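Trainee: Test case, fold it:
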Amino acid sequence: MNRLSHPLVKTALLGGIFLATFCFLYTLSFVLFDANPFGRFEYLYMPFYALGLFAAMFFYRIYHGNGFLAPWKALTIGLIMNLVAGIFYATLLYGLLRLQPELVEDYKVKVSELVSKTFEHAPEYFAERSISEAQFAKDISEVTAVTMAIDKLIKVPSIGLLMVALMAMFAKRREPEKDSRY
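Mentor: Just a heads-up that it's a prediction; the model follows:
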């Protein structure tokens with residue numbers, strides 16, 4: 001039997017693609033409404049991400065597990081989904097940033113403004129750590145579509161790991177053990 005046709009793997013792969021598409025559509029909605037997709041509401045979709053993880057685990061439990069889901073299967077579904085979602089979302093985001101490079105430039109401008117304000121309000125904090133505003137400006141100028149996509153490739157699965165563990169706890173349900181005394 002082909003390993004990719006196993007219901008557990010299919011559920012995880014399709015769930016991961018669905019999660020990545022949802023995250024991308026969330027980001028795209030900010031672009032369509034001329035808002036900053038990398039601002040303070042950047043990770044507001046994460047509760048829905050957790051709900052998507054749970055939904056895939058619950059789907060597998062109901063339709064393929066006869067109402068039961070072993071903890072290792074729940075974790076496997078969640079980890080595969082998380083990895084696939086992170087890779088697919090980063091790829092979609094990279095495509096968007098390559099098609100609209102002004103998003104990267106807007107991001108650089110907004111981060112530069114934020115760093116300038118921070119240096120104005122707390123210069124002693126940076127002086128103690130011998131960090132200069134010029135160093136920040138240099139680092140910000142090196143941001144590209146690739147670095148932003150890699151940032152999401154690292155952050156989304158990292159945040160998702162905790163959610164996988166939590167959702168696996170809620171979605172699992174063991175089969176009752178048969179008593180050997182009877």
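Trainee: Report the buried residues of the longest helix anywhere in the chain.
Mentor: Longest helix in the chain, counting residues (DSSP state H): helix 71-99. Going by neighbour count (16 or more other C-beta atoms under 10 Å), the buried part of helix 71-99 is 73-90, 92-94, 96-97. C-beta here means a position set from N, CA and C on the backbone, and glycine is covered the same way.
Trainee: With stretch 27-34 instead?
Mentor: T27, F30.
Trainee: Quick one: residues in contact with it.
Mentor: N36, P37, G39, F41, L93, L96, Q100, L103 (C-beta atoms under 8 Å, 6 or more residues apart in numbering).
Trainee: The residue lying closest to the fourth one once chain neighbours are set aside: helix or strand, and which one exactly?
Mentor: Nearest residue to F41 in three dimensions, chain neighbours excluded: F30, at 7.5 Å (C-beta to C-beta, 6 or more residues apart in numbering). Using DSSP states H and E, F30 maps to helix 7-32.
Trainee: what ranges of the chain fall below the confidence cut-off?
Mentor: Residue ranges of the chain with pLDDT under 70: 1, 129-130, 176-182.
Trainee: where's the residue nearest the centre of it, which helix or strand?
Mentor: Nearest to the mean C-alpha position of the chain, by C-alpha atoms, centre = their mean, lies V156 at 2.4 Å. Using DSSP H and E, V156 maps to helix 145-171.
Trainee: ok now that helix, how far from the chain's centre?
Mentor: 4 Å (C-alpha atoms, centre = their mean, to the nearest Å).
Trainee: What residues of it count as buried?
Mentor: For helix 145-171, by 16+ other C-beta under 10 Å, it's 145, 148-149, 152-153, 156-157, 160, 163-164, 167-168, 171.
Trainee: For the closest residue to P157 other than its chain neighbours, give me its contacts.
Mentor: Using C-beta to C-beta, 6+ apart and skipping residues adjacent in sequence, the residue nearest P157 is G86, 3.7 Å away. Contact partners of G86, counting by C-beta under 8 Å, 6+ apart, are A20, K152, L153, V156, P157, G160.
Trainee: For the closest residue to I159 other than its chain neighbours, grab the count of nearby residues.
Mentor: Nearest residue to I159 in three dimensions, chain neighbours excluded: M46, at 6.2 Å (C-beta to C-beta, 6+ apart). By other C-beta atoms under 10 Å, 15 other residues sit near M46.
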